[in-house]
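Enquirer: I'd like to go over a predicted model; first the sequence, then the structure.
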Amino acid sequence: MSHSKPTVLIVEDEGYIRRVLEAVLHAGGYRVLSVQNGAAARAGISAYMPDLLLLDLGLPDMDGIALLKELRGWSRLPVIVVSARSTERDKILALDCGADDYITKPFSSPELLARMRAVLRRNAAAASPEDVYCVGDFKIDFVKRIVTVGGEPVRLTQVEYRIVELIARQPGNVLTYRQIIHHVWGPYADVDNNRILRVNMSNIRRKIERDSMSPQYILTEIGVGYRMAEKA
Ligand code: CA
């Protein structure tokens, strides 16, 4: 899949504001998903793996701050709080709880888009001390989010890309099944993720390895997890 369009999950219970945000983000070139409460946000984060979260604080089923704290227990997913709460105290609390930025309602659309770009840029820079990792014919570009083998682009699903990216960022280190599942799906997924991870890995290997039965790039540590091959 193409990763050129970042996916944004909007968490906003007020219909009018949600529709405005959706329109602004669509026009800004984002892939947009939206939910109306904290429970749906949890499910959406695991299911859709957004690149950025726009989070309202006054949600019908929980406070956005609680959701933010919970999220920061396992994920660095960038979060911009978009809230009517406008005191300095509210902003500091949200930022201290792990929000990447804070914007008050009513917001200016160009300012919102500019802050989103800034947060996504900072996140990409922080996450990628190296922009590219190559081993043999395998190459992953963490900035463009493209995997190539022998110069040919490999079409990975979003989940597949996340798995490969996580493993490729730490070449030589074994990542346990649990670590990978936690990173990719978070603690909310209620599916059989061990099985789903194995299925995804077998699909990844079909796409990137010459012989998926005897992989050269993503190696199996039997019973433990996976490891990216190191440069020779
Ligand atoms: Ca609200």
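Expert: Received, thanks.
Enquirer: alpha carbons only for contacts and neighbour counts from here, please
Expert: Will do.
Enquirer: could you pull out the helices for this protein?
Expert: 15-27, 38-48, 64-72, 88-96, 109-127, 158-168, 177-185, 193-208 (DSSP state H).
Enquirer: could you dump those to JSON lines with distance to Tyr102?
Expert: Output for these, formatted as JSON lines (distance: least, CA to CA, whole Å):
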{"stretch": "helix 15-27", "distance to Tyr102": "15"}
{"stretch": "helix 38-48", "distance to Tyr102": "18"}
{"stretch": "helix 64-72", "distance to Tyr102": "12"}
{"stretch": "helix 88-96", "distance to Tyr102": "6"}
{"stretch": "helix 109-127", "distance to Tyr102": "9"}
{"stretch": "helix 158-168", "distance to Tyr102": "27"}
{"stretch": "helix 177-185", "distance to Tyr102": "25"}
{"stretch": "helix 193-208", "distance to Tyr102": "33"}
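Enquirer: those: lowest mean pLDDT?
Expert: Averaged per stretch, pLDDT over the helices of the chain is lowest on helix 177-185, reaching a mean of 84.
Enquirer: look at Gly225 and report its pLDDT.
Expert: Confidence score, pLDDT, at Gly225: 87.
Enquirer: for this protein, give the residue positioned nearest to the ion.
Expert: Gly58 (4.0 Å; CA to the ion).
Enquirer: can you tell me which residues contact that residue?
Expert: For Gly58, the residues meeting the contact criterion (CA atoms under 8 Å, 6 or more residues apart in numbering) are Gly64, Ser83.
Enquirer: what parts of this protein come near the ion?
Expert: Residues of the chain lying close to the ion (CA under 5 Å from the ion) are Gly58, Leu59.
Enquirer: who does the residue of the chain closest to the ion form a beta bridge with?
Expert: Beta bridges link Gly58 to Asp63 when assigned by DSSP bridges.
Enquirer: now it: how far from Pro187?
Expert: 23 Å (CA to CA, to the nearest Å).
Enquirer: again, but for Asn194
Expert: Asn194 sits 13 Å away from Pro187, going by CA to CA.
Enquirer: looking at those two, which is more packed in?
Expert: Neighbour count, other CA atoms under 10 Å: between Asn194 and Pro187, Pro187 has more, with 17 against 13.
Enquirer: ok, the more buried one - contacts?
Expert: Trp74.
Enquirer: go again using 10 Å as the cut-off
Expert: Taking CA atoms under 10 Å, 6 or more residues apart in numbering, we find Pro187 in contact with Arg42, Ala43, Ser46, Glu70, Leu71, Gly73, Trp74, Ser75, Ile181.
Enquirer: which members of those residues are classed as buried?
Expert: Arg42, Ala43, Ser46, Leu71, Ile181 (16 or more other CA atoms under 10 Å).
Enquirer: what sits against the last one?
Expert: Read it as Ile181. Residues in contact with Ile181 (CA under 10 Å, 6+ apart) are Ile163, Leu175, Pro187, Ala189, Asn193, Asn194, Ile196, Leu197.
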